[in-house]
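[1] here you go, sequence then predicted model.
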Amino acid sequence: MAKTKPIVAITMGDPASIGPEISLKAFKKEELYDHCKPLIVGDSSVLKKVMEVLPNLKSKLNVVQKVEDAKFEYGIVDILDLNLVDITKLKFGVVSSMAGNAAFQYVKKVIDLAMDGEVDATVTNALNKESMNLAGHHFAGHTEIYGTYTHTKNYTMMLAHGNMRVVHNSTHVSLREACDLVKTPRVTSVIRIANDACKRLGIKEPKIAVAGLNPHSSENGLFGDEEENEIIPAIQIAKSEGINVDGPVPPDTVFPKALGGWYDIVVAMYHDQGHIPLKLQGFQYDQEKKEWKSVAGVNITLGLPIIRTSVDHGTAFDQVLKGTANEISLENAIDYAIRLANNKD
């Protein structure tokens, strides 16, 4: 496939969410077609309903069953229709097993397309974990679905906003379990994955920071021993492999340093340690207008045999069909997918 214009498969997300709306908004931008061949995977009946309620998003749909039948022309929205939603029964903004099953199947489909080489990259809109589990698909989130269906055990999540990037030693587990997962082999592996990811993004000599687990990185053992026993040995192994890595850096200062350009990427020890600073930077709420003026950021799963990027926000059921949903995060996710596809070995 041509590297200049990769085929990017984009899931519609939960049909009851803002996913369909922001997908249509993203496809309204002509520059999207300058850099890739975008394809929505979802239900055409849902997109038609959204366009009916929000006529400013009205577009010509090209409903296909195979990637090869897509037109990839600006002004036409190609959708690979899985026909999983009964539009007469769908309740927008509401948890349901029907919507949860559809969202899961969209993800499964784009994984299959990428594994079979029919698309160059995949991008996911948000799914609702409660809806998905109601449908009998018991996964903590997208990351775990991708790990399972690509048969990958060694993967991690990366968040990105601008030049700020974070990878995680663990994600969707309890805080107690997250602490127990801070082990030298895992931390070493995540450092390597972070280094490779930066290089794939065009950073020739990545500078990596490893965050400590404990306050002040334990103050030489005063507040815990994970740094001495598990994190420092991992850093030493990575350094012996020629990786430019620093740490353990105290968690309360590592992110201001990264934002200031000291580091290209931060290895966080658990979910919220990495998510909070990225969302503080990318999510901006206008209190006077009572709306989000920016919901930016990208979620990327590293270590997979295929490319997967995602919006870094939820289903936003409270905003559905109001026309105010922000598509910036989806556009950022598509941009990262294109960059990774163009630098694919």
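    Happy to help now that I have it.
[2] okay, residue 1: pLDDT?
    Looking at residue 1, its pLDDT is 42.
[3] can you check residue 279 too?
    For residue 279, the model assigns a pLDDT of 83.
[4] my read: it touches residue 297, true?
    Yes: contact criterion CB atoms under 8 Å: residue 279 and residue 297 qualify, at 6.7 Å. C-beta coordinates here come from the backbone N, C-alpha and C atoms, glycine included.
[5] what do those two both touch?
    residue 312 (CB atoms under 8 Å, 6 or more residues apart in numbering).
[6] so between those two, which is more surrounded?
    residue 297 (24 against 17; other CB atoms under 10 Å).
[7] report the contact partners of that one.
    Listed by CB under 8 Å, 6+ apart, the contact set of residue 297 reads 159, 160, 161, 278, 279, 281, 282, 283, 312, 313, 329, 332.
[8] any idea how far residue 239 is from the first one?
    If I follow you right, that is residue 159. In this view, residue 159 and residue 239 are 25 Å apart by CB to CB, to the nearest Å.
[9] ok, these two, which is more surrounded?
    residue 159 (24 against 13).
[10] what is the helix or strand where that one lies packed up against?
    Assigned by DSSP states H and E, residue 159 belongs to strand 156-161. The helices and strands touching strand 156-161, judged by 3 or more CB pairs under 8 Å, 6 or more residues apart in numbering; DSSP states H and E, are strand 164-168, helix 184-200, helix 271-282, strand 298-302, helix 328-342.
[11] one more time with 10 Å, if that's ok
    Taking 3 or more CB pairs under 10 Å, 6 or more residues apart in numbering; DSSP states H and E as contact, the helices and strands that strand 156-161 lies on are helix 142-149, strand 164-168, helix 184-200, strand 265-268, helix 271-282, strand 298-302, strand 308-311, helix 328-342.
[12] got CSV for these, with distance to residue 17 too?
    CSV is the format used below for these (distance: least, CB to CB, whole Å):
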stretch, distance to residue 17
helix 142-149, 13
strand 164-168, 24
helix 184-200, 28
strand 265-268, 27
helix 271-282, 18
strand 298-302, 15
strand 308-311, 10
helix 328-342, 12
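[13] check residue 270 and give its pLDDT.
    pLDDT at residue 270 comes out at 96.
[14] quick check, nearest of the contacts of residue 297 to residue 68?
    residue 332 (28.2 Å; CB to CB).
[15] and for the residue nearest to the closest one when sequence neighbours are not counted, the neighbour number?
    Take residue 332 and drop its neighbours on the chain: the residue closest to it by CB to CB, 6 or more residues apart in numbering is residue 298, 4.8 Å away. Counted with other CB under 10 Å, residues neighbouring residue 298 total 25.
[16] same deal with residue 181?
    15.
[17] phi and psi next, for it.
    Here is the backbone geometry of residue 181 (degrees, to the nearest 10): phi -90, psi 0.
[18] that one and residue 187 touch, don't they?
    Yes: here residue 181 reaches residue 187: they are 9.3 Å apart, a contact under CB atoms under 10 Å.
[19] shared neighbours of these two, anything?
    169, 230, 269 (CB atoms under 10 Å, 6 or more residues apart in numbering).
[20] for those residues, which one is nearest residue 61?
    Using CB to CB, those come closest to residue 61 at residue 169, 42.5 Å.
[21] which residues touch the residue nearest to that closest one when sequence neighbours are not counted?
    Using CB to CB, 6+ apart and skipping the chain neighbours, the partner closest in space to residue 169 is residue 269 (4.9 Å). Contacts for residue 269 (CB under 10 Å, 6+ apart) come out as 168-170, 178-179, 181-182, 187, 190, 210-214, 226-227, 230-231, 248, 251.
[22] let's see that with 7 Å instead.
    Counting by CB atoms under 7 Å, 6 or more residues apart in numbering, residue 269 touches 169, 178, 182, 211, 213.
[23] and residue 172, by the same measure?
    Taking CB under 7 Å, 6+ apart, one finds 140, 141, 144, 271 in contact with residue 172.
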